[in-house]
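A.B. asks: sequence plus predicted model, see below.
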Amino acid sequence: MKKFFKNIYLPDHWTTVIKVARDNVLFENVDLKKRGSTDMTGIKLDPLYPDGQSISCEKKKDLLDLLPFIPPVYHSFYTSIKDNAAVRNVIDVEDDIDND
């Protein structure tokens, strides 16, 4: 059994014995062995936004103003972004929260 701290020991079988109080309480065992990984291949997630999300008209205008600095191969992506006047900029929402 290896002693690392005053009340923490690490036995050879990878269980840590911890005493958390100064009372005459028995040590507690904590198992530190690595468990098997969870298989994530069987999980199927539906798209959160199947039709995509809209951005504000101002944000789309700003993005389109930057098109001269973006390679032409990506222009179709930026021009096809959906915009909606009802969508607010996230920065505007954060400013509203700060003002409250």
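C.D. replies: Thanks, I have it.

A.B. asks: contacting residues for residue 76?
C.D. replies: Applying C-beta atoms under 8 Å, 6 or more residues apart in numbering to residue 76 gives no contacts. Every residue, glycine included, has its C-beta placed from N, CA and C.

A.B. asks: where does the chain have low pLDDT?
C.D. replies: Across the chain, residues meeting the criterion (pLDDT under 70) sit at 1-34, 90-100.

A.B. asks: mind listing the helices for it?
C.D. replies: Ranges of helices within the chain are 57-65, 75-79, 90-99, based on DSSP state H.

A.B. asks: buried sites along the first one?
C.D. replies: Think helix 57-65. Neighbour-count burial for helix 57-65 flags 59-60, 63 (criterion: 16 or more other C-beta atoms under 10 Å).

A.B. asks: need the residues you listed in CSV with distance to residue 38, can you?
C.D. replies: Formatted as CSV, those follow (distance: C-beta to C-beta, whole Å):
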residue, distance to residue 38
59, 38
60, 40
63, 39
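
A.B. asks: could you measure from residue 68 over to residue 37?
C.D. replies: Distance, residue 68 to residue 37, by C-beta to C-beta, to the nearest Å: 47 Å.

A.B. asks: meant to ask about residue 49, not that
C.D. replies: From residue 49 to residue 37 the distance is 29 Å (C-beta to C-beta).

A.B. asks: wait, residue 87 sits on residue 56?
C.D. replies: Yes: the criterion here is C-beta atoms under 8 Å, and residue 87 meets it with residue 56 at 4.7 Å.

A.B. asks: and the residue nearest to residue 63 when sequence neighbours are not counted, how far from residue 61?
C.D. replies: Once flanking residues are discounted, residue 63 sits nearest to residue 78: 5.4 Å by C-beta to C-beta, 6 or more residues apart in numbering. The spacing between residue 78 and residue 61, counted by C-beta to C-beta, is 11 Å.
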